[in-house]
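**Student:** need the 3D shape of this:
(one chain, ligands or ions: 1)
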Amino acid sequence: MKYLLITVLIVSFYSCHTEAQEEHKSSEISEFEVTKSEAEWKKELTTAEYQILRKSGTELSNSSPLNNIHEPGTFVCTACENPVYKTLNKFESGTGWPSFDQPIQGHIKLIKSNNLNYQEVICAKCGSHLGHVFNDGPRDTTGKRHCINGVALNFISDKKKLEK
Ligand SMILES: [Zn+2]
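**Tutor:** Numbering: from 1, shown residues only. Okay, here's the model as predicted:
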């Protein structure tokens, strides 16, 4: 099953790539709904947010208060507010980073990495770096571990949403 999935991913990656080259010949950046210049991102984000979201940095393990969030709600991209993960899919990985077994479908993109053990996760709306996906997630669900930087996420509680 895992190999089938990998094959499908490779095939779709390949076909998208060819299509993009033939039809659009556009730069990668234009595929995102939210695009900003580096100067604009720098101005809007804190230094830590900029380093992680725009320069693919990684926060220190156990540094995010989001590790301790268990109440129902939605995690959105810090850079563009795109809803990317739900508490429902959060699990205790013991790694010190907020971990999820799956994203909100279609709201993130996976980028193939040279390292076969993981893929990079970016926000599908603004292209910002969120974290990585590893294959050592919960076996009873997806088997995937989306290891996401807390700095790249903001939490919106379902309770808060109802109060508004
Ligand atoms: Zn985003």
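**Student:** quick one: name the residues of this structure near the ion.
**Tutor:** Contact residues, the chain versus the ion (C-beta under 5 Å from the ion): Cys77, Ala79, Cys80, Asn82, Cys123, Lys125, Cys126, Ser128. Every C-beta, even on glycine, is put in place using the N, C-alpha and C of the backbone.
**Student:** give me every residue that touches the third one.
**Tutor:** Contacts here follow C-beta atoms under 8 Å, 6 or more residues apart in numbering; on that basis Cys80 touches Val34, Cys123, Lys125, Cys126, Ser128.
**Student:** the same query, at a cut-off of 6 Å, please.
**Tutor:** By C-beta atoms under 6 Å, 6 or more residues apart in numbering, the contact set of Cys80 is Val34, Lys125, Cys126.
**Student:** can you get me a residue count around Lys43?
**Tutor:** Other residues lying near Lys43 total 10 when counted by other C-beta atoms under 10 Å.
**Student:** which helix or strand contains it?
**Tutor:** Using DSSP states H and E, Lys43 falls within helix 38-44.
**Student:** next, the buried residues of the following helix or strand past that helix.
**Tutor:** Moving toward the C-terminus from helix 38-44, the first helix or strand encountered (DSSP H and E) is helix 47-53. Of the residues in helix 47-53, those buried by neighbour count under the rule 16 or more other C-beta atoms under 10 Å are Glu49, Tyr50, Gln51, Ile52, Leu53.
**Student:** could you give the number of residues near the closest residue to the third one other than its chain neighbours?
**Tutor:** Spatial nearest neighbour of Gln51, excluding adjacent residues (C-beta to C-beta, 6 or more residues apart in numbering): Gly57 at 4.0 Å. Summarising burial for Gly57: neighbours were counted as other C-beta under 10 Å, giving 15.
**Student:** I'd like to know how far Gly57 sits from Gly106.
**Tutor:** Between Gly57 and Gly106 the distance is 25 Å, computed by C-beta to C-beta, to the nearest Å.
**Student:** cool, and Phe32?
**Tutor:** Relative to Gly106, and taking C-beta to C-beta, Phe32 is found at 14 Å.
**Student:** swap in Asn89?
**Tutor:** In this structure, Asn89 and Gly106 are separated by 14 Å, where distance is defined by C-beta to C-beta.
**Student:** ignoring the adjacent residues along the chain, who's closest to Thr58?
**Tutor:** Counting by C-beta to C-beta, 6+ apart, Thr58 lies nearest to Asn149, which is 6.3 Å off, once chain neighbours are set aside.
**Student:** and for the one you found, the neighbour number?
**Tutor:** By other C-beta under 10 Å, the burial measure for Asn149, its neighbour count, is 27.
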